[in-house]
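Novice: sequence and predicted structure, then a few things I'm wondering about:
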Number of protein chains: 2
Amino acid sequence: MLEIISDPQSMRSEVLKARAAGHRIGFVPTMGALHAGHASLVARAVRECEAVAVSIFVNPTQFGPAEDFERYPRQLQADCQLLNEWKVRWVFAPEAAAIYPPGAATRVVVGGPAGCFEGEVRPGHFEGVATVVCRLFLAVPADAAYFGAKDWQQTLVVKRMVCDLGLAVDVVVCPTVREPDGLAMSSRNALLTPDERHRAVALFESLCCAERMWLAGFAVAGIEQAMREALQARSVSVDYAVVVAADSLEPYDASLAVSQSGAKALPVPVALVAGRVGSTRLIDNRVLPART
Amino acid sequence: MLEIISDPQSMRSEVLKARAAGHRIGFVPTMGALHAGHASLVARAVRECEAVAVSIFVNPTQFGPAEDFERYPRQLQADCQLLNEWKVRWVFAPEAAAIYPPGAATRVVVGGPAGCFEGEVRPGHFEGVATVVCRLFLAVPADAAYFGAKDWQQTLVVKRMVCDLGLAVDVVVCPTVREPDGLAMSSRNALLTPDERHRAVALFESLCCAERMWLAGFAVAGIEQAMREALQARSVSVDYAVVVAADSLEPYDASLAVSQSGAKALPVPVALVAGRVGSTRLIDNRVLPART
């Protein structure tokens, strides 16, 4: 039976009690408005752990002043019903004041993978993400935390922070779940008009195009140009459409990649896209397969 | 018998094992070069806890480029001998690469109390402190951590971070230990020439002067002027000499202090001094008593 907890200290002691009893604890941090993407994260956590906590917190500090914090979908009751069906043990749904106490003045700032792409388009976004995820990891001291690959850059930022601060949690990245036409599941999809929903498939199309061209041996610049055109063909306003190294987000340049042994090592490439469909901003990505 | 541990994960699992056995764990973070000030922190930790960990790590990121990182005293063997005598259970002495792994890019940034005084004179200092203390608290997940009041502003920054991130550790601030002539114990005292050592007592003298004038009813501006003069009389180059609110470091202004109930509430004042004696920078402070 699902238990709803709002106090971070109660949440923490529940998790520690369960761990002391020898249980492996999984954690899925979310902003609510749950969909099939979250369902797959929870399913994996439930499969791998004895007890699972899901947080629902629409974190104000990761939204820019002109972004969709107010408009972001909220449906706590419906979410809790789903989480109960999904066999989750705890919902951690704190008030903002429990996460950001009066006079709060501490920020967790990640450089490296947070500097480009989303970090450039959304200044302060990853600082908000890293700070809240650090705070959540301390309130929910789980063995493993589950994140969707859709937010690829976010997974790199979280992994970087976990490594640097020595947070004792395994970061598990799970495959993106898609609608039948390929659109990546996102709570923001609910904000699309029918026409925008139709055009939003352009992100997926641009990634398919990137993969085809990649396998056919095209160079990165040509692939990026084609991704851009696929987005513009559906009137998606492009923030970026790139092929970069999947682990560092640095420019993909096979000739510069030299492994420690001195032998050439090709980085794994990832295609990243972001753009606005009407007033809704969407992102997606695909890790590209090895070229033979 | 003292155990020396350099690996953060081993350190963490030792502490968790002891806590699981029901022991209260104390932690004293230091940069080594131990003196009677550290001894008093350790003594209190040993009194209050079943097992005590002391870290020795000269943290490069809290030193500015022109500061005394290279010159900072280092004496690991002598320190370990002392810690063994003081009944410490573990010394955590990590290599820099264990605290800052390759590609490390995460910083913990505290605003509020970190903005002024040491934060202004030593840009980046408190960011280095907060980052390393957060990292150390995760490697040594103790029940309580002990800090000296000599670094008053640092204790405020650490408490702010602990509160904001929800780190589950009690921050215990212990009284400054002094030499017979009043000089606050500091590893940096070892860097003073005999003449400088003699003049260094000016910091203590300025604090005594502040307390006398405070009790006699002088206004803050006059007290600060007298503190400055006491320092300059011994050729101490003054960075700051102020009387401010002890909990916020905001300007001490009784007329602005209104408690939540609407009644006037006087903040507790603290006198803070910092200056250079020759090429060695020293700080000190005193919380001022209530005026009747």
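Specialist: Sure thing, it's come through. Numbering: from 1, shown residues only, chains lettered A, B, ... in the order given.
Novice: how about the nearest residue to A:Ile4, chain neighbours excluded?
Specialist: Distances taken as C-beta to C-beta, 6 or more residues apart in numbering or on different chains put A:Val91 closest to A:Ile4, at 4.8 Å, once the chain neighbours are dropped. From N, CA and C alone the C-beta is placed, and that goes for glycine too.
Novice: contacts only, for that neighbour.
Specialist: A:Leu2, A:Glu3, A:Ile4, A:Ile5, A:Ala53, A:Val54, A:Ser55, A:Ile56, A:Asp79, A:Cys80, A:Leu83 (C-beta atoms under 8 Å, 6 or more residues apart in numbering or on different chains).
Novice: quick one: the strands in the stretch 101-250 of chain A, in order.
Specialist: Secondary structure of the stretch 101-250 of chain A by DSSP state E, counting those that start in this stretch: the strands cover A:106-110, A:144-148, A:170-174, A:237-245.
Novice: just tell me which of those strands ends up closest to A:Ala33.
Specialist: Closest to A:Ala33 of those, according to C-beta to C-beta: strand A:144-148, at 13.5 Å.
Novice: apart from its neighbours in sequence, what residue is nearest A:Gly124?
Specialist: A:Gly124 sits nearest to A:Gly64 (C-beta to C-beta, 6+ apart), 6.5 Å away.
Novice: so that neighbour touches A:His125, yeah?
Specialist: Yes - judged on C-beta atoms under 8 Å, A:Gly64 makes contact with A:His125 at a distance of 6.9 Å.
Novice: so the two - more neighbours on which side?
Specialist: Comparing A:Gly64 with A:His125 by other C-beta atoms under 10 Å in any protein chain shown, the one with more neighbours is A:His125, at 21 against 13.
Novice: give the contact list for the nearest residue to A:His23 once chain neighbours are set aside.
Specialist: In space, and not counting its chain neighbours, A:His23 is closest to A:Glu50: 3.7 Å by C-beta to C-beta, 6+ apart. The contact partners of A:Glu50, by C-beta under 8 Å, 6+ apart, come to A:Ala18, A:His23, A:Arg24, A:Ile25.
Novice: need those in CSV with secondary structure and neighbour count, can you?
Specialist: Formatted as CSV, these follow (DSSP: H, G, I helix; E, B strand; the rest coil; neighbours: other C-beta atoms under 10 Å in any protein chain shown):
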residue, secondary structure, neighbour count
A:Ala18, helix, 19
A:His23, coil, 15
A:Arg24, coil, 16
A:Ile25, strand, 24
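Novice: could you redo the residues you listed as TSV and give each row pLDDT?
Specialist: Formatted as TSV, those follow (pLDDT from 0 to 100):
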residue	pLDDT
A:Ala18	98
A:His23	98
A:Arg24	98
A:Ile25	98
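Novice: tell me the two of those that are most distant?
Specialist: Once C-beta to C-beta is applied, the contacts of A:Glu50 give A:Ala18 and A:Arg24 as the farthest pair, at 9.1 Å.
Novice: who touches both of the two?
Specialist: A:Glu50, A:Ala51.
Novice: which one of the strands of the stretch 101-250 of chain A lies closest to B:Val220?
Specialist: Among the strands of the stretch 101-250 of chain A, strand A:106-110 comes nearest to B:Val220, with 29.2 Å by C-beta to C-beta.
Novice: same for that closest one, what does it pack against?
Specialist: Strand A:106-110 makes packing contacts with helix A:125-139, helix A:152-165, strand B:106-110, helix B:152-165 when contacts are defined by 3 or more C-beta pairs under 8 Å, 6 or more residues apart in numbering or on different chains; DSSP states H and E.
Novice: which SS class is A:Val28?
Specialist: Recorded secondary structure, A:Val28: strand (DSSP: H, G, I helix; E, B strand; the rest coil).
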